[in-house]
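Peer 1: based on what follows, work out the 3D shape:
(one chain, ligands or ions: 1)
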Amino acid sequence: MTLHDNPLLQPFDNQYEAPAFDRIRNEHFLPAIEELIREAEEGIARIVSGEDFPTFENTILPLEEGSEHLGVAFNILFNLNHAETCPELQQIAQQASPLITDFSSRMMMNDGLFSKIRSLHEQYFATPAEGDLKPLTPEQLTVLENYYRDFVRNGALLDEAGKKRFAAIRSKLGVLELEFSDHVLAETNDFILHLTEECDLAGLPDFVRDAAAEEAKDRNLDGWVFTLHAPGYVPFMKYSDRRDLREKIHRAFSFRANRGNEHDNKGRMKEILALRTELAQLLGEPDFATHQLRTKMAETPQKVMTFLEQLHAAARPAALLEFDEVQSFARRKVPELELQSWDWAYYSEKLKEEKFGFKEEMLKPYFELNRVINGIFLVANELYGLTFNQVNKLPVYHTDVKVYEVIDTDGSLLSLFYADFFPRQGKQGGAWMTEFRGENRLKGKRLLPQISIVCNFTKPTASRPSLLTFDEVNTFLHEFGHALHGMLSQCTYPSVAGTNVYHDFVELPSQIMENWITEKEWLDRFAVHYETGEKIPKELLDKIIASRNFLEGYATERQLGFGFCDMAWHTLTVPFIGDVIAFEQKAIEKIRLFPRIEGSAFCPAFTHIFAGGYAAGYYGYKWAEVLDADAFEVFKEKGIFNRDVARSFRDNILEKGGSEHPMILYKRFRGKEPGVDALLRRSGLKSDE
Ligand SMILES: [Zn+2]
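Peer 2: A predicted model of the protein is given here:
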């Protein structure tokens with residue numbers, strides 16, 4: 001095989017330039033990625049050795065082109081590895097991953113490249129612009145600023161000693177964060193609740209028992225096994241009548257990575273925090289949160305704290321009332337009961353059944369997959385004038401995958417849309433939106449985006465079509481919202497096109513779509529019973545809407561607790577030498593509802609912020625809800641299918657990617673900065689006055 005016949009190194013020869021899955025084989029990936037990295041590095045060398053004065057065209061443009069080419073091969077590999085993998089492909093992905101990270105760290109360390117970017121940046125940002133300077137578009141300015149900022153954030157302005165220390169911190173952090181999550185996994189796996197008597201299973205529905213019996217069988221054990229992983233732990237806490245066993249499993253859960261053994265993360269947390277603080281301070285910031293928030297819509301720790309406090313002020317009174325309500329309900333069953341944290345899921349589930357009296361299963365017959373697909377395309381058509389035509393002639397990586405041409409209002413081809421709905425071996429759990437190729441206009445004409453959503457929805461059987469749950473329909477809307485962000489993109493540069501936006505802005509297009517799920521006006525147009533053809537009864541829908549806000553004060557406070565803790569740790573300005581458990585208790589004191597479990601703490605197992613991408617970013621979950629609720633209010637006022645509002649949302653948000661600061665884009669759509677009131681009203685934490 002030569003590079004010449006490698007399909008990943010030539011344009012795909014079909015009218016959409018869609019990935020030639022029929023020709024791409026596993027052995028093509030590594031040679032293609034190596035070759036594309038080589039070409040990209042040649043490109044960088046040409047930029048660095050160029051004699052001309054740095055311009056946007058001779059400096060930034062080639063960087064964008066190089067990463068665009070590499071991106072296609074890389075995206076196909078990693079998308080397949082998530083959606084249709086096998087041991088061989090997993091191994092290839094493991095080999096490819098360091099190639100890419102090494103390439104990008106070599107680029108970030110390239111002093112010659114940085115001095116070009118720095119001088120270009122100075123021309124436009126530092127001194128008053130010179131008279132003969134070629135003006136840049138707002139998007140070009142953003143792209144230039146992003147490159148400069150990324151280099152600086154990677155230590156490009158440091159002296160030699162500083163750079164060395166920076167690199168050492170980075171690599172040490174990489175090791176510690178990995179260890180942190182490995183320990184949490186080891187601790188999660190270290191406990192099982194093994195039950196052998198029927199009486200231990202009191203209260204558990206059949207599907208929970210069956211899964212636990214499977215779990216036991218996999219371990220060659222009799223009876224039933226519940227683990228601390230969500231699919232075992234969550235239903236047990238919700239349904240088990242056995243308070244003693246709920247307490248046992250809950251305590252095990254609450255002491256993960258905090259038991260003084262070799263997997264205890266408390267020491268590791270201190271090391272991680274100290275290194276993060278040092279890294280931020282090397283770059284001239286007071287603390288790690290400030291450093292992280294420079295590249296977020298929320299901008300500063302002060303703004304995040306104000307935001308969290310605003311929500312807390314509204315949620316606290318509701319949470320206290322809800323606590324009393326669940327407590328009194330529990331006392332009707334067990335007089336004198338002191339509600340403990342291991343009682344909450346159980347009694348609130350029982351109270352929910354009593355109050356609303358419906359089961360989610362009741363909705364499934366109304367959500368036959370093909371009807372839901374039509375319903376979702378209908379939203380895109382009503383709002384943005386898009387039409388979806390299925391294409392059968394394109395190669396796909398699995399026969400389950402459907403491909404659609406997306407046609408814009410004016411009849412032009414806007415995008416390709418791939419949808420891969422059902423679970424199978426070789427596919428990761430969950431649901432996500434992704435792309436094989438993003439949109440850009442590097443070559444003058446718009447490159448057709450190739451966007452995909454991958455889900456794990458209920459499969460059809462011989463006797464029943466695929467009937468989705470309410471949550472699955474919600475997931476579909478969510479991922480489709482991300483897909484619209486990719487499909488409608490009208491940017492020039494790939495690094496800011498589509499969903500390449502700030503982390504706390506990326507969920508606006510997805511979450512806003514979830515608002516349609518409770519709109520009768522939309523549901524009535526597609527969600528009819530697959531056997532009888534009747535619409536969802538209004539009473540059922542009303543119950544669903546009411547139940548969505550059930551115990552919302554508690555749920556909000558819980559999320560805020562994580563956010564407060566995250567901010568408390570990451571605004572430290574000196575290494576932490578105190579007691580981890582006491583620090584955590586203090587940070588969440590104001591949201592406390594339950595008696596303390598002496599010695600327990602969640603931070604030693606809080607992988608989101610100590611091992612994932614959410615350090616000083618946990619607030620982002622609530623932030624995104626605030627944005628989507630605030631934005632959806634305009635649709636609520638003017639009509640959920642109002643074309644003018646949709647046009648403005650498309651023009652100002654969906655087409656713009658990250659080409660300008662998200663607050664600027666948002667204000668253009670909304671006319672003002674987002675406020676928390678819309679979310680508080682939607683979630684019943686504030687009345688309509
Ligand atoms: Zn999302």
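
Peer 1: how about the strands in the stretch 251-400 of the chain?
Peer 2: In the stretch 251-400 of the chain, the strands defined using DSSP state E, counting those that start in this stretch lie at 387-391.

Peer 1: so what's Ile453 bridging to?
Peer 2: With DSSP bridges as the criterion, Ile453 is bridged to Ala419, Met433.

Peer 1: so who does it touch?
Peer 2: With contact set as CB atoms under 8 Å, 6 or more residues apart in numbering, Ile453 has these partners: 417-420, 431-434, 476, 479-480, 482-483. No exception for glycine: its C-beta is placed from N, CA and C like everyone else's.

Peer 1: and if you look at Lys427?
Peer 2: Applying CB under 8 Å, 6+ apart to Lys427 gives the contacts 82-85, 420, 454, 456.

Peer 1: who wins on neighbours among those residues?
Peer 2: Neighbour counts for the contacts of Lys427, by other CB atoms under 10 Å, peak at Asp420, which reaches 24 neighbours.

Peer 1: pretty sure that residue sits against Thr399.
Peer 2: No - Asp420 is beyond contact range of Thr399, at 10.4 Å (criterion: CB atoms under 8 Å).

Peer 1: any idea how far Leu541 is from Thr532?
Peer 2: Here Thr532 is placed at a distance of 17 Å from Leu541 (CB to CB, to the nearest Å).

Peer 1: Leu158 and Ser489, how far apart?
Peer 2: The value you get for Leu158 to Ser489, if CB to CB is used, is 35 Å.

Peer 1: quick one: which of those two has more around it?
Peer 2: Ser489 (29 against 17).

Peer 1: can you map out the strands along the stretch 51-200 of the chain?
Peer 2: Under the criterion DSSP E, counting those that start in this stretch, the stretch 51-200 of the chain carries strands at the ranges 192-195.

Peer 1: which residues in it form helices?
Peer 2: For the stretch 51-200 of the chain, the helices defined by DSSP state H, counting those that start in this stretch occupy 61-83, 87-108, 111-121, 138-153, 160-189.

Peer 1: extract the CA atoms of the second one and return them as PDB.
Peer 2: It refers to helix 87-108. Once non-C-alpha atoms are left out, helix 87-108 reads as follows in PDB (Å, rounded to 0.1, in the frame of the first residue of the first chain):
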ATOM      1  CA  PRO A  87      -9.900  -4.100  19.400                       C
ATOM      2  CA  GLU A  88      -7.800  -3.300  16.300                       C
ATOM      3  CA  LEU A  89      -9.400   0.100  15.800                       C
ATOM      4  CA  GLN A  90      -9.000   0.900  19.600                       C
ATOM      5  CA  GLN A  91      -5.300   0.100  19.300                       C
ATOM      6  CA  ILE A  92      -5.000   2.400  16.300                       C
ATOM      7  CA  ALA A  93      -6.700   5.200  18.100                       C
ATOM      8  CA  GLN A  94      -4.400   4.700  21.100                       C
ATOM      9  CA  GLN A  95      -1.400   5.000  18.800                       C
ATOM     10  CA  ALA A  96      -2.900   8.000  16.900                       C
ATOM     11  CA  SER A  97      -3.800  10.000  20.000                       C
ATOM     12  CA  PRO A  98      -0.200  10.800  21.200                       C
ATOM     13  CA  LEU A  99       0.800  11.600  17.600                       C
ATOM     14  CA  ILE A 100      -1.700  14.400  17.600                       C
ATOM     15  CA  THR A 101      -1.000  15.700  21.000                       C
ATOM     16  CA  ASP A 102       2.700  15.700  20.400                       C
ATOM     17  CA  PHE A 103       2.200  17.600  17.100                       C
ATOM     18  CA  SER A 104       0.100  20.300  18.900                       C
ATOM     19  CA  SER A 105       2.600  20.600  21.700                       C
ATOM     20  CA  ARG A 106       5.500  20.900  19.300                       C
ATOM     21  CA  MET A 107       3.500  23.700  17.600                       C
ATOM     22  CA  MET A 108       2.800  25.500  20.800                       C
END
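
Peer 1: other residues contacting that helix?
Peer 2: Here helix 87-108 makes contact (CB under 8 Å, 6+ apart) with 26, 29-30, 33-34, 37, 40-41, 44, 70, 74, 77-78, 80-81, 85, 113, 150-151, 154-156.

Peer 1: which of those count as buried?
Peer 2: Members of these that pass the buried threshold by neighbour count (16 or more other CB atoms under 10 Å) are listed as 29, 33-34, 37, 40, 44, 70, 74, 77-78, 80-81, 85, 113, 150-151, 154-156.

Peer 1: find the centremost residue of the protein, please.
Peer 2: Glu507 (7.3 Å; CA atoms, centre = their mean).

Peer 1: wait, that one sits on Ala624?
Peer 2: Yes - the pair Glu507 and Ala624 passes the contact test of CB under 8 Å, sitting 3.6 Å apart.

Peer 1: for Tyr404, helix, strand, or coil?
Peer 2: Assigned by DSSP: H, G, I helix; E, B strand; the rest coil, the conformation of Tyr404 is strand.

Peer 1: thinking again about what came up before, which of the helices of the stretch 51-200 of the chain sits closest to Pro604?
Peer 2: Pro604 sits nearest to helix 160-189 of all the helices of the stretch 51-200 of the chain, at 8.0 Å, using CB to CB.

Peer 1: show me where the stretch 401-550 of the chain has strands.
Peer 2: Going by DSSP E, counting those that start in this stretch, the stretch 401-550 of the chain shows strands at 402-407, 413-420, 432-437, 450-454.

Peer 1: which one of the contacts of Ile453 has the most neighbours?
Peer 2: Within the contacts of Ile453, neighbour counts (other CB under 10 Å) peak at Ala483, which reaches 29 neighbours.

Peer 1: I'd say that one and Gln450 touch.
Peer 2: No - applying CB under 8 Å as the test, Ala483 and Gln450 come out as separate, 10.9 Å apart.

Peer 1: quick revisit: can you redo the strands of the stretch 401-550 of the chain as CSV with mean pLDDT and distance to Ala96?
Peer 2: Output for the strands of the stretch 401-550 of the chain, formatted as CSV (pLDDT from 0 to 100; distance: least, CB to CB, whole Å):
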stretch, mean pLDDT, distance to Ala96
strand 402-407, 98, 25
strand 413-420, 98, 22
strand 432-437, 96, 16
strand 450-454, 98, 19
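
Peer 1: the residue nearest to Ala497 when sequence neighbours are not counted and Trp432, how far apart?
Peer 2: Closest residue in space to Ala497, ignoring its immediate chain neighbours: Cys491 at 3.9 Å, by CB to CB, 6 or more residues apart in numbering. Counting by CB to CB, the gap from Cys491 to Trp432 is 22 Å.

Peer 1: ditto for Lys266
Peer 2: Taking CB to CB as the criterion, Lys266 is separated from Trp432 by 33 Å.

Peer 1: how about low-confidence regions in the protein?
Peer 2: 1, 127-131, 688-689 (pLDDT under 70).
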